[in-house]
Each structure stands twice: as C-alpha cells, then as structure tokens.
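[1] here's a sequence, model it:
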Amino acid sequence: MNNRFFHIKLLVRFHVLLFFLLILSFRSMAQTGAEHYEKGEYALAIAEFENELDKKPGKEEQARISAYMGMCYHHINKPREAISWLKKGINNNFRSAEAYCLYGLSLQKMENYAEALTAFQECIQMDNDYPNVKLYIESCNYALRNTNPNTHIIVRSSKRANTDGSEYGISPGANGKIFFSRAPVKGNIDPRTGMAFTEVYVSSMDGNDLSKPKKEKAFMKAFSNTGVFAYDAKTNSIYMTICDRKSGKCGIYKSEYKRKNWATPEPFFTNDQFDMAHPALAKDGNRLYFVSNAPGGFGKTDIWYADRISDNKWTDPINAGPNINTPGREEFPFIEGDSLIYFSSDGHPGFGGLDIFVAVVDGDQIGRPMNIGRPFNGGADDFNLMTEGKNGLLISARNLRSSDDIYIFNKSSIPRLERTWELEEQKTEIAALEPDPEYIPIPTYVPIVASIPISTSTPSGSVADTPVTSTPSTLVADIPTTSTPIASAPVIPDPNPQTGSIITIYFDFGKFVPQREFRHIYDEIAARMKAYPNEKFEIAGHADERGKATYNDELSNKRAEYIAARLMDRGIPEENIIRRGYGISKLAIPNAQSEEDHQKNSRVEVRIIGNDVNDES
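    Sure thing, here's the model as predicted:
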C-alpha cells in the first residue's frame, strides 16, 4: 500500500506535524531530510538523513539524525530498522516523548511488550499528557494477558496471490469474484513511501486458496492508486477508493459494468477538503460505510455511513459514533449479514498496530466492539477482514520479509459475538452505543454539476486538486442539500438574561442525540448565544425516571456533552459553556406516566447563568 489512505501503516502522515516543533529546534540537521519528513516522504527523508550521517556530524547531531531515521522507518512500517535507529538515538541521549513513544510502538509491533511498556513509561515521564500513550500501555497489558493463540485455528498465507510486493484492499465482487490491489516490487515509485504505485487484480476462491489473479486494467487507466471495492448489485456498479498520484488525495469513485466491461471510474464520494475511502455496502446495498478524516469525527480516521435514497441519491454522511470510533484510526469496515461490522483499529486495546474488531449492528445502533484475538491479530498490522462463502480473508504484515499479504482461514473460526444489549430491557449501555447522526460539519454537500471546474493537473474527473478558491467544496454523490430548514423545526426563544428564557431540546428514550426536528437548529441556537458574548451558558442534561440511577446520570451527561460539542463546533467558546448532567434530580414532570410526559423529562436546557458557574437553581 503506497499512499496515505491505502498504506494503512502510513496514515500517520496525516499527523506529520507530530514532530514539527522538534524539527524547528534542529535547524542544523539536513533541511532537505526534515522537509521530506514533514511532507510524509519518508523514503526520501531516509536517503537525505543518510547523506548527513556520511558527513560524520558530532555525537549530538548523530543522535538526533538517528532518532529521525528511526521515526521514518516506523512510519513506513519497518519496525526492526525503526528499533535499531531509535535505540541509537536514545542511547546517545536523544530524549523526546515522541521518540520514546514510537520506539515503544515499534517494539510492540515486534511483540516485545515488556520493553515497549518501559518505553511508554519513559514517554509519560517526559510528557504525562502525550496523546494515546496510556492506551498503548493498556494494549501492552492486554497482549501480555492474552499471549496464547488458539492453536486449532489455521490462518494460512495465500500461495497464489502473495508476492514480495504488498497485497491489500481485498473486497468481494459479483459471482464470487474477489478484488485486491498490489504494489509490485518494481514499477513507478511513489517518492513518499519508496514503493511502487498499485495495480488491481481479480481472483476467486479455488479450494483453500485464491485462484491465479488476473490484472484488471479497467481501473488502472487514469489513476495510480486504487483499492478497496464494494459491489452494488442494484446498479451493477462497483465503488472503489482511488488516490491521486500527485496530491495523494483519496476519494470514492464509481464504475458501471457496461457491455461486458467496467467503465472508467467517475467521482462518487469525493471532497477537496479531506479523504474518503474504504467503501463497504450493507442493508441489501442500501447503506454505504466508508472511512474519512473529515472534521467532526472522533479521531484521525473514523467510520461513517450514508443511506441510499434512490439509485443515485444518498443521505448526508453520518458518523458511526464513539462506540467504534476513537481518537486513533478506524479503517476497513466490512459488513457480515447486515448484523456484524468488522473493522480495524489502533484506538482500542489490542496486540499492536492495527487489530481487527467486530461489533453488533442493529439498525442505527452499533454495539461495543470485541477484539477477535489471536491468531487473527498480532503485533503487526492486521486489517481488511472480509468473508466469502465459508472462507474468511484478511491482510497482515506479520511476515516482515514480504510486506502485506493475504491470509485465508475458515470463517467459522472467527469468535462469535452475540447481541451486547437488549432494546426492550434495562438499557445501561444504549447511550454509549448510539451513533452520531450529524452530517460532516463542513460546507454543504451539493450534487456535482458540469460547471464545476476540474484542475487539469489531476486525473480525468478528479476533484482532488481543485483550488478551494475557484470551486465549492463538493461531495460528489448527487446528495441533496440540507440547508433548507425543516418545516417542523421548533421555535427557539431568545435566551435573554432579563426574561430568564430557556432553550429546551428534547430526546427520545435512551438517546443522547436529539429528536430529529432539533438536529438542524444548532446554527440558530449558536447565533442567539453569540448575542451575549460576555455571559456563561449552562448546558443542562436531564433524563426521565426509567432506568437505573447510574444509567440516567451517564445519559444526562452525554446529552449535555453532545449539545455542547455541537455549539462549540459553531464558534461558541468552551469557556462560555458549563456542562452538567442532572440525571432525574430536576424532573419537569415528576412521576410521569405517559410517553409524552416522559419525553418532557428527556431534555437539555440551555440558559444564561451569567458568571456564576455555581448556579444550579
């Protein structure tokens, strides 16, 4: 995988500024290497840093360059080299929380969990708030508690499909076909990764292995990096992720099957502001899951979904919620029987790198995920699980000699995950399971139109490099605009401190996302709040009397947190907001009996409290 969205190991280049301050501090280092590093061009950065080492700099400079060499190798998923170089830098007194953290992550990938724990502890001593390091410690402890794989489960490498190059993006097609992409050992090289641009292949299950793959040239005519496919039987089309060679920008494209050939892919879900990738269809083809680093998510990359309205119309994207999305990376969703979602993540406790997880899907609700354990997961990246008939397939980097490979196993060996909650009984977990339905909070989505200019520097039909100043930010999917207010939207009172008026938002039972008619009024609420820039506002969450006290307390807190986050997205300063969850301590209707009265208790109230943050009247 040779770009930032396909090469899952390289997605950290979204956060290349991780070491930006350090780079500024070391101006005596090879500026060319530092510049390449900042751009995510790790292969070129390594070459430049090697040139600097050839000049035999002083001991301190050698330590710094060695550490950066190790960081580069970590980002291109070469943990052995990363460990060697980072160890040189650290042993020569190069000290930074980032270096210790990446050292620990590389040790973790080699399943050296004890030493990884020591490195993470050093990181915490230098920076107690270093991002995610406490999760990495939790993952090491998780791995040490779950060391023994199930020896009865056989996960075997595909002899016919795997090469010395990188295979990835396995996806089901029509009639048992399986698509995947390959970055060959030789070919046109991506300077950012030092690997060749990808080629697309098609195969199928043949006994216990894949049949001999055949190159699918239709998806390689106009683009350089293609992979992760979703076949749409309703329109006899296939959705795929395509990344532009020059910009690295990734989007979801659609190709229709016409006259026994696949048509040239056209933009489907694309945006010039962020990446969209890894499509997966569910609900009989009426829901499209995908991955994006769009604003409004929970982490580096999140899983989102959109529902089909008609053949070519889809709803606004909806975030799959905090139950599966984390501050880390969630990738490669795959839906089994519309009831289970498999995905890969480095934000949940696991064995190192990306692990594969499974969660129950029930309508718009997604349960808490479960790590499917060894031997499916290990210290190396394990991801992109799919099923075909009686077989399961996944991609793993466990063979360090051959990069990413396809592995095959019996589908029945995957650990079973039953429903993790009951909708008709005590709902102690539902608040945490609910997905966030708000669409991506960036410019309004509009259908693609012929007048939108396309940059001539990009592949035909791509909007990846379209200048923001010359064209609107566009999600290409013929998605209707949502800028028109809903007719049933409630009237919002002015939160005037003299009148003491209160804005009230209502919720359905067990939900921390408001009722639908309240989901489109955040802009108006924020505008009214901005009329009082020197005042503080209380965002007060409340619950009805159904459910246990601990559940109602948590639910009311989540309601307040959710509304506060939506208002802060719209420019309300965090310091102007006081969030409180009152549980059932301040019922609007005590001893409610009817559903209508219960709903009046399930609310969030927004009111001015002046500068008295202790006011709980």
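
[2] residue ranges of the helices in this structure, please?
    Under the criterion DSSP state H, the chain carries helices at the ranges 20-25, 31-39, 42-54, 59-75, 79-91, 97-109, 113-126, 133-145, 430-433, 522-529, 549-569, 595-601.

[3] so how far is residue 97 from the closest residue to residue 69 other than its chain neighbours?
    The shortest distance from residue 69 to any residue that is not its chain neighbour, by C-beta to C-beta, 6 or more residues apart in numbering, is 4.2 Å, and that residue is residue 85. All C-beta atoms are positioned from the backbone trio N, CA, C, and that covers glycine. Residue 85 sits 17 Å away from residue 97 when distances are taken as C-beta to C-beta, to the nearest Å.

[4] so what's the gap between stretch 201-219 and the chain middle?
    Relative to its parent chain, stretch 201-219 has a centroid offset of 28 Å by C-alpha atoms, centre = their mean, to the nearest Å.

[5] contacts only, for residue 593.
    The contact partners of residue 593, by C-beta atoms under 8 Å, 6 or more residues apart in numbering, come to none.

[6] mind checking how far it is from residue 236?
    Summarising the geometry, the distance separating residue 593 from residue 236, computed by C-beta to C-beta, is 54 Å.

[7] what of residue 282?
    For residue 282, the distance to residue 236 equals 18 Å [C-beta to C-beta].

[8] comparing the two, which residue is more hemmed in?
    Higher neighbour count among residue 282 and residue 236: residue 282, with 22 against 11, using other C-beta atoms under 10 Å.

[9] list the contacts of the more buried one.
    Contacts for residue 282 were tallied using C-beta under 8 Å, 6+ apart; they are 288, 289, 305, 335, 338, 341, 361.

[10] my read: the third one touches residue 291, true?
    No: contact status for residue 305 versus residue 291: not in contact, 10.4 Å apart, counting by C-beta atoms under 8 Å.

[11] between the two, which is the more surrounded one?
    Neighbours per residue, other C-beta under 10 Å: of residue 305 and residue 291, the larger number sits with residue 291, 31 against 24.

[12] run through the bridge partners of residue 406.
    Judged by DSSP bridges, the bridge partners of residue 406 are residue 395.

[13] can you tell me how far residue 400 is from residue 196?
    From residue 400 over to residue 196 the distance is 19 Å, taken as C-beta to C-beta.

[14] now residue 132
    Note on residue 132: its distance to residue 196, by C-beta to C-beta, is 31 Å.

[15] and residue 143, how many residues sit next to it?
    22.

[16] oh, I was asking about residue 554
    Other residues near residue 554 come to 21 when the count uses other C-beta under 10 Å.

[17] do you know the pLDDT at it?
    pLDDT, the model's per-residue confidence, is 88 for residue 554.

[18] could you do residue 142 as well?
    Confidence per residue is given as pLDDT, and for residue 142 that number is 93.

[19] and for it, the neighbour number?
    By other C-beta under 10 Å, neighbour count at residue 142 equals 17.

[20] residue 139 versus the residue nearest to it when sequence neighbours are not counted, what's the distance?
    In this structure, residue 142 finds its nearest non-sequential neighbour in residue 349, 4.3 Å apart by C-beta to C-beta, 6+ apart. Distance from residue 349 to residue 139, counting by C-beta to C-beta: 5 Å.

[21] more neighbours, those two?
    Counting neighbours by other C-beta under 10 Å for residue 349 and for residue 139 shows that residue 139 has the greater number, 27 against 18.

[22] close enough to count as contact, that one and residue 352?
    Yes: here residue 139 reaches residue 352: they are 6.8 Å apart, a contact under C-beta under 8 Å.

[23] got any residues that touch both of these two?
    Taking C-beta under 8 Å, 6+ apart as the contact criterion, the residues that touch both residue 139 and residue 352 are residue 108.

[24] would you mind listing where the stretch 351-500 of the chain has pLDDT under the threshold?
    Counting by pLDDT under 70, the stretch 351-500 of the chain contains low-confidence residues at 418-494, 496-500.

[25] repeat the analysis, applying 50 as the threshold.
    Counting by pLDDT under 50, the stretch 351-500 of the chain contains low-confidence ranges at 419-489.

[26] coming back round to it: what residues are up against the residue nearest to residue 69?
    Neighbouring residues of residue 85 by C-beta under 8 Å, 6+ apart: 66, 67, 69, 70, 73.

[27] so the first one makes contact with residue 91?
    No: using C-beta under 8 Å as the test, residue 66 is too far from residue 91 to be in contact (9.1 Å).

[28] I'd say residue 326 and residue 344 touch.
    No: at 11.7 Å, residue 326 does not count as touching residue 344 under the criterion of C-beta under 8 Å.

[29] dump the residue contacts of residue 605.
    When contacts are counted by C-beta under 8 Å, 6+ apart, residue 605 touches 502, 503, 504, 505, 538, 539, 540, 542.

[30] now tabulate those in a markdown table and tack on neighbour count, distance to residue 108 and pLDDT.
    As requested, those are arranged in a markdown table below (neighbours: other C-beta atoms under 10 Å; distance: C-beta to C-beta, whole Å; pLDDT from 0 to 100):
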| residue | neighbour count | distance to residue 108 | pLDDT |
| --- | --- | --- | --- |
| 502 | 14 | 50 | 80 |
| 503 | 22 | 47 | 87 |
| 504 | 18 | 48 | 90 |
| 505 | 25 | 43 | 92 |
| 538 | 20 | 43 | 93 |
| 539 | 25 | 39 | 94 |
| 540 | 24 | 43 | 95 |
| 542 | 26 | 43 | 95 |
